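Student: This is a predicted model, with the sequence first.
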Amino acid sequence: MITARAAATFEPVGRSVATARSFVRDTLQGWGHSDIIDDAVVLTSELVTNAVVHAGTSAEVLCLRGEDHVRIEVSDRYPEREIPLQSSAINMGSPDREGGRGLQLCAALAGRWGVDYSATHKQVWFQLDLPERSVGTRAAGPVLPIDLLPLADEKVRVAVVQIDKTGVVTSWNEDAEHLFGYAAEQVAGKPLTDFAAWPHTPGTSTGIADALQLSRWEGSYGIRDANGRVIPVYASHLRVRDTDGDPSTVCLLVRDHERAVLQTPLRVPTSDTASSDGQGSDPFEVFIGSPAPDDLDGLLQRTVERARDMLDGDSAFLLLATDDETELEVRASTGLPSARQRFARVPVEVGPGRYGSARMPAVHEDLTQVPGAVPLLNGTGMRSVVTVPLKVEGRLTGSLGVAAESPDRYSNEEALRLQFAADRIALAVESARLGELEKLRRGSLSFLVEASDLLAGTLDRDQTLALMAQMTVPTLATWCAVYTIADQASEPYLSYVLHEDEERIDGLKALLSKIAPPEPVPTPGARVWPAPADAAHQAALRTSMRSLGLNEPTSVSSGIGTTLATAAAVGGETVVLPLVARNRVIGMLTLGKPTDEHFRQEILELAEDLSRRAALALDNARLYSERMAISQSLQRSLLPPELPDVPGVEVEVIYRAAGEGNEVGGDFYDLFPIRDGAYGFAIGDVCGTGPEAAAVTGLARHALRLLAREGFGGPAVLERLNAAILDEGARSRFLTLLYGELWPQEDGSAVLKMVCAGHPLPLRLRQDGTVVPFAEPQPLLGVMDDLELYEQTMTLDAGDVLLCVTDGITGRREGSRMLGDDGLAEVLSTCTGLTAGAVAARIMRAVERFAADAPSDDMAILTMRVPGLHHD
């Protein structure tokens, strides 16, 4: 049964692919199915690309929601005529090809999929099953001895925070004020996302906005306190509605080590709670409990808590092996400082012998006698420890350990019990890890698809830098800095800084600007850069000692003036990824975490993929900027220098070159002194636009000046220019040109000698508003060898205006309408009494308003007005 539907049609243009992705994402988000968004977006992107880019037709996308699935149909108007038979093998293409991957992805990601054909349409559909969401279950636990009860502070504080339907805080109790340092009035009306440090990973877990929409949610995240530190909390959310029907979410929060206060009790089967003789069963009989957590983090956290309780330890930890089995990554711990939690990495082999390898069980009766034997426990106060490997089919997948503060707590007997437990849960852990990894990879694919789209959409260097940072924060890291390298001889330059908390950006920028940038090493992959964390810790120490009135240590640099909050914000793990494009390091992408936080390996691999795409986009933007700078420099050299002042004549020029980034094209103008009392002027139009036309423009303008100053008259100047253009051979372009000499007179008039070679005729505006052509047409240049041109002598009386334009003005179109000579004359007739500058501005304004589209041709306007003599 269909319970909801949404449809949209997308035109056959490239931007439709991104629009279709947004449509599907918004639709599924609105339906509350964030779990399947990444798969749906990737599949939709491929199928819509096939329709609008490859087939060149519009695409119709239909989203249908059933009771237990979502079906998405993509239709185009380019049906395949050959329908594959079920009995024949279907070749869906090679995965290495750029195209043809749509059906492969459907087969890999969708629960069901298919292709339907009709005479006019081809429809590809896929179906994604909706995961079952477990709801909270009421349960009761047995009576336990006091020493087995969970530990809590003397006064347990439960923060109660209420969030309205828009995600804004409406209620904040006294315990919340005590735990996080904010008064109620400081947070009221602000989004919870301003304070929550959500452990978001692309394609995994549930976003905070999603969690607030669910009827019930339970789990861990962090809240930034008033000092900028992240307080780990355990939260229980319940969605409620008031008497008016408006929904809100009630959030109960406790410190993470007191999670037992809120954590949903486990349902333990009766047969497992007690043996037939009434004695308690072995704790591992109920090691995981029922139901088992449906996510990897929940399973790992429950495992370490049960292991600690089983061996009566003070702490426990579980690490998962990397794919190459060279390192172990901390994924869950209890009873250890936060620095030992979440994604810290230690080597598998830390020393010689069996006790130096995580591949074998190990018991250390007193760690003070073997310092460094278990790097994870350095500086924690733990004295004895037992560790066992997690293995699946002989391959190391992780390590489980329990530690105690007193020595001689563990023996081989405890190691055997812990190994027995590890063997029982190793397969479940590995299965959950692979499931999370698959989900992460799908989310990563969706993330990279959208990132590539955004980066390909701009050639602006600054915008590319901003996009790089905005894509990584907060999705991949808490903060980001981009260093750029102009050339091989230049030092890295801090070009962009971003932090998920905008109030920390200035402090972070100040901190990074005081330390040496990372070395531009071209080696692929992320490498740890300890300098920011070290500088932050020193700055925090300096600030703390100053507040206590103590002398500052000499090792602390006085130049780094940052707050404790900034130090906490950048004091975690920092990694650097090289930006390599065309075999050259053009910069570094730096990602950081707050104090005591580490990156997981999968995130670093995703960041490396992103850095490769970002580097190419940044280098493309650099090349484009360099090309534009060179082009504009050359173009500016073709423009005439500043126009001279002509006594007794007002002159104004307006010039607009067609095409993005062009300052000069096929149209040109010039005004220059020839000799005492005489000035040359020209306005011309080379066939075509852009750099090719601009080359002929430069030839014409410079030749005109040279020939005129050699004493040649107008016809001789143009005849010699015509020969020079024809000498260019295949590169030659014909051009139209109005050239003349201007002679201001003592009586306030001006004498003009002009030759109009195929150019739009100049127009004369008299004081009475009449408009007449002011020259006769003659052949254009660059076509015939032998030209016979003649010169016309005209006089501009006081108050007259001479308007000279190129055909980009008269040829302005709107549909079937064209401005033309008559339209131009009509506009000019309204300019009586205006200055030369005002006339030119009114003409250009009329031309721009004539059509809605941007001009497709170069445009030039040259106006000259004789104001006449002024008498006192």
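Tutor: Nice, thanks for sending it over.

Student: Any idea which helix or strand in this protein has the lowest mean pLDDT?
Tutor: helix 270-273 (a mean of 38; mean pLDDT, DSSP states H and E).

Student: I'd like the next helix or strand past that helix.
Tutor: helix 296-310 (DSSP states H and E).

Student: Hey, what's the angle from the helix or strand that comes right after that next one to helix 296-310? Just curious.
Tutor: The helix or strand immediately downstream of helix 296-310 is strand 315-321, counting by DSSP H and E. Strand 315-321 runs at 140 degrees relative to helix 296-310, counting by axes from the mean of the first three to the mean of the last three Cα atoms, to 10 degrees.

Student: For strand 315-321, give me every contacting residue.
Tutor: When contacts are defined by Cβ atoms under 8 Å, 6 or more residues apart in numbering, strand 315-321 is touched by residues 300, 303-305, 307-308, 327-336, 340, 346, 348, 358, 376, 380, 382, 390, 396-404, 429, 433. No exception for glycine: its C-beta is placed from N, CA and C like everyone else's.

Student: Can you tell me which of those end up in strands?
Tutor: Among the contacts of strand 315-321, the residues falling in strands (DSSP state E) are 327-334, 346, 390, 396-404.

Student: that older thread, which among the contacts of strand 315-321 count as buried?
Tutor: Buried residues within the contacts of strand 315-321, counting neighbours by 16 or more other Cβ atoms under 10 Å: 300, 303-305, 307-308, 327-336, 340, 346, 348, 358, 376, 380, 382, 390, 396-404, 429, 433.

Student: Where do the strands of the stretch 51-200 of the chain begin and end?
Tutor: 59-65, 69-76, 112-117, 122-129, 159-164, 169-172, 196-197 (DSSP state E, counting those that start in this stretch).

Student: chain center to the helix ranked longest in the chain, what's the gap?
Tutor: Longest helix of the chain, by residue count under DSSP state H: helix 412-456. Offset of helix 412-456 from its chain centre (Cα atoms, centre = their mean, to the nearest Å): 26 Å.

Student: Toward the C-terminus, what is the element adjacent to that helix?
Tutor: Per DSSP H and E, the helix or strand that comes after helix 412-456 is helix 461-472.

Student: Contact partners for the closest residue to F180 other than its chain neighbours?
Tutor: Spatial nearest neighbour of F180, chain neighbours left out: D225 (4.7 Å); criterion: Cβ to Cβ, 6 or more residues apart in numbering. Taking Cβ under 8 Å, 6+ apart, we find D225 in contact with L179, F180, G181, Y182, I231.

Student: Next: A477.
Tutor: Contacts of A477 (Cβ under 8 Å, 6+ apart): L591, G592, K593, F599, I603, A607.

Student: H598 versus that one, what's the distance?
Tutor: Distance from A477 to H598, counting by Cβ to Cβ, to the nearest Å: 11 Å.

Student: Tell me the pLDDT of the nearest residue to T770 once chain neighbours are set aside.
Tutor: For T770, ignoring the flanking residues on the chain, the nearest one in space by Cβ to Cβ, 6+ apart is S829 at 7.5 Å. At S829, the model reports a pLDDT of 93.

Student: now do E660
Tutor: E660 is given a pLDDT of 60.

Student: and what of A825?
Tutor: 93.

Student: How about the contacts made by it?
Tutor: Contacts of A825 by Cβ under 8 Å, 6+ apart are L763, V771.

Student: shaky segments in the stretch 101-250 of the chain?
Tutor: 101-102, 133-144, 147-148, 198-207 (pLDDT under 70).

Student: switch the cut-off to 90
Tutor: For the stretch 101-250 of the chain, applying pLDDT under 90 flags the ranges 101-112, 114-123, 129-155, 165-167, 191-246.
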